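> Show me how the following folds:
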Amino acid sequence: MRYLQVLALAVVVAVASAYTTRPTGAAPLTIAQLQYDGGGDWYANPSGLPNLLRAIGERTGLPVSTTPGRTRLTDPSLWSYPYLYLTGHGNIRFSDEEVRVLRRYLLDGGFLHVDDNYGLDASFRREIRRVFPDRELQEVPPSHPVFSVLYEFPEGLPKIHRHDGAAPQAFGIFDRGRLVLFYSYESDLGNGWEDPAVHDDPPATREAALRMGVNLFLYALAQVAP
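Modelled structure (predicted):
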């Protein structure tokens, strides 16, 4: 067994142990789709997260719910989710309070995956500058562990949907070496997670999207204290 496979197995065991010993009544282990104002369709790709969560459970044995959560940055439920997912095609607008909460959530151990679903880029970059005026989005290199924790992506982020035909790029915000925000740009992983009939993506394309999603989930949970 290769080193990375051993490492991934250790991550799964550690995370599974932590999350199966949580108190009775704790929120199920899942991904929460982040609801935001501004006019963008935050609810896009409705079949994507259930399919990804199902793949995570089947491939890792982690006790995940196949029902994604939904939360706003001002909801008390926010703090029970270790992984937030934000997508859509239009405008994002955070209130001043949401800006403060998102920064605290990420610096206190949370993880946010922003998935460019075409048309999101300009407003996301504007809003993230408000959240982190002291940090820049940095390109995440293919050598980063998020691209190899279970499945290997030697060239980095896979291309799933055409968009402008540009090469996919992964950007991130880091805190003391920890990747707290992952931005998948010109890739559209969520399209690849959706039911096959929605976008008619080839099986290999959907598989690449699911594998990258599993990697993201494992990486995020390994960094977060439940």
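> longest helix anywhere in this protein?
helix 203-223 (DSSP state H).
> and that one, how far out from the chain's middle?
Offset of helix 203-223 from its chain centre (CA atoms, centre = their mean, to the nearest Å): 9 Å.
> Could you pull up the residues touching the residue nearest to the spatial centre of the chain?
In the chain, the centroid-proximal residue (CA atoms, centre = their mean) is residue 113; its distance is 3.2 Å. With contact taken as CB atoms under 8 Å, 6 or more residues apart in numbering, residue 113 is in contact with 83-86, 181-184, 216, 220. For glycine as for every other residue, the C-beta is placed from the backbone atoms N, C-alpha and C.
> In three-state terms, label residue 174 for me.
With DSSP: H, G, I helix; E, B strand; the rest coil as the basis, residue 174 sits in strand.
> That one and residue 81, how far apart?
21 Å (CB to CB, to the nearest Å).
> higher neighbour count, these two?
Using other CB atoms under 10 Å as the criterion, residue 174 and residue 81 rank with residue 81 on top: 25 against 14.
> what's the spacing between the nearest residue to that one once chain neighbours are set aside and residue 138?
Distances taken as CB to CB, 6 or more residues apart in numbering place residue 32 nearest to residue 81, at 3.9 Å, with adjacent residues excluded. Separation of residue 32 from residue 138 (CB to CB) stands at 25 Å.
> Also residue 64?
Residue 64 is 29 Å from residue 138, by CB to CB.
> So for the two, which sits in the more crowded spot?
Shown here are residue 64 and residue 138; by other CB under 10 Å, residue 64 has more neighbours (23 against 12).
> Looking at that one now. What's its pLDDT?
pLDDT recorded at residue 64 is 94.
> hmm, back to that, how about the longest helix of the chain: buried residues?
205-206, 208-223 (16 or more other CB atoms under 10 Å).
> Likewise for stretch 108-122?
Here stretch 108-122 shows 109-118, 120 as buried, counting by 16+ other CB under 10 Å.
> which one among those gets closest to residue 43?
residue 117 (11.0 Å; CB to CB).
> quick one, what contacts residue 182?
So residue 182 contacts 111-114, 140, 146, 170-172, 216 (CB under 8 Å, 6+ apart).
> If we use 6 Å, what do you get?
113, 172 (CB atoms under 6 Å, 6 or more residues apart in numbering).
> wait, is it part of a strand?
Yes. Under three-state DSSP, residue 182 falls within a strand.
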